[in-house]
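In: Okay, sequence plus prediction incoming.
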Amino acid sequence: MFAIPGQSPVTVTPAAAAQIARLMTRQKAAGLRIGVKKGGCAGMEYTMDYVTEIEPHDEVVDLDGGARVMIAPMAQMFLFGTEIDYETSLLESGFKFRNPNVVDACGCGESIKFDESLGTST
C-alpha cells in the first residue's frame, strides 16, 4: 500500500479520538506520536509517545475534539490503512490497531510482523 495524497494514512474511531484528547489534556501534550520499532516476539512493536511539538516530517492527523496524532516518518508505510480504536472491557482498556499490513502477531497482541515487502529494516 502506498499513501494517497490528501488521504489520511490512518483512521481513528470516535472512542480513540476522545481518549487521545483526554490524554493530551492530562499530559499537556501537543499530540500523540505513533510509530513502530523492532522488538517483541513477532519482530516489531507499536510505539505511542506524548509530544510537545510536531517534528518536520511527521504526518499530522487532526481529529474531532482537539485530538491530534502524529505518525513518525519511518512508521508511515507500515501504518497506512490502519484503524486505531480504543476499547474498554471488564479486564482491560487500551488502544487497538487494526492494520491490514500485519501478517502475523504474537499471542499477547503486543508484537506484530509486517509483510517483508514493506521493508522492515527500520
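Out: Thanks, I have the structure now.
In: check contacts around residue 82.
Out: Residues near residue 82 by Cβ atoms under 8 Å, 6 or more residues apart in numbering: 9-11, 97-101. C-beta coordinates here come from the backbone N, C-alpha and C atoms, glycine included.
In: which of these are buried?
Out: 9-10, 97, 99, 101 (16 or more other Cβ atoms under 10 Å).
In: Now do the phi/psi pair for the residue nearest to residue 28 when sequence neighbours are not counted.
Out: Distance criterion Cβ to Cβ, 6 or more residues apart in numbering; nearest residue to residue 28, sequence neighbours excluded, is residue 52 at 7.9 Å. Main-chain dihedrals, residue 52, degrees, to the nearest 10: phi -100, psi -20.
In: Quick check: the gap between residue 52 and residue 104.
Out: Look at residue 52 and residue 104: by Cβ to Cβ, to the nearest Å, they are 35 Å apart.
In: for residue 7, same thing?
Out: 26 Å.
In: Strands of the chain, residue ranges please.
Out: 10-12, 31-38, 44-51, 59-62, 68-71, 82-88, 93-98, 102-105, 111-114 (DSSP state E).
In: residues in contact with the residue most central in space within the chain?
Out: Most central in the chain under Cα atoms, centre = their mean is residue 34, positioned 4.2 Å from the mean C-alpha point. The contact partners of residue 34, by Cβ under 8 Å, 6+ apart, come to 10, 46-48, 69-72, 75, 79, 84.
In: filter those residues to the buried ones?
Out: For the contacts of residue 34, buried by 16+ other Cβ under 10 Å: 10, 46, 69-72, 75, 79, 84.
In: Let me have those in JSON lines, adding distance to residue 39 and pLDDT as columns.
Out: Shown next, in JSON lines, are those (distance: Cβ to Cβ, whole Å; pLDDT from 0 to 100):
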{"residue": "10", "distance to residue 39": "21", "pLDDT": "91"}
{"residue": "46", "distance to residue 39": "10", "pLDDT": "85"}
{"residue": "69", "distance to residue 39": "21", "pLDDT": "95"}
{"residue": "70", "distance to residue 39": "20", "pLDDT": "95"}
{"residue": "71", "distance to residue 39": "18", "pLDDT": "93"}
{"residue": "72", "distance to residue 39": "15", "pLDDT": "90"}
{"residue": "75", "distance to residue 39": "13", "pLDDT": "89"}
{"residue": "79", "distance to residue 39": "16", "pLDDT": "88"}
{"residue": "84", "distance to residue 39": "19", "pLDDT": "94"}
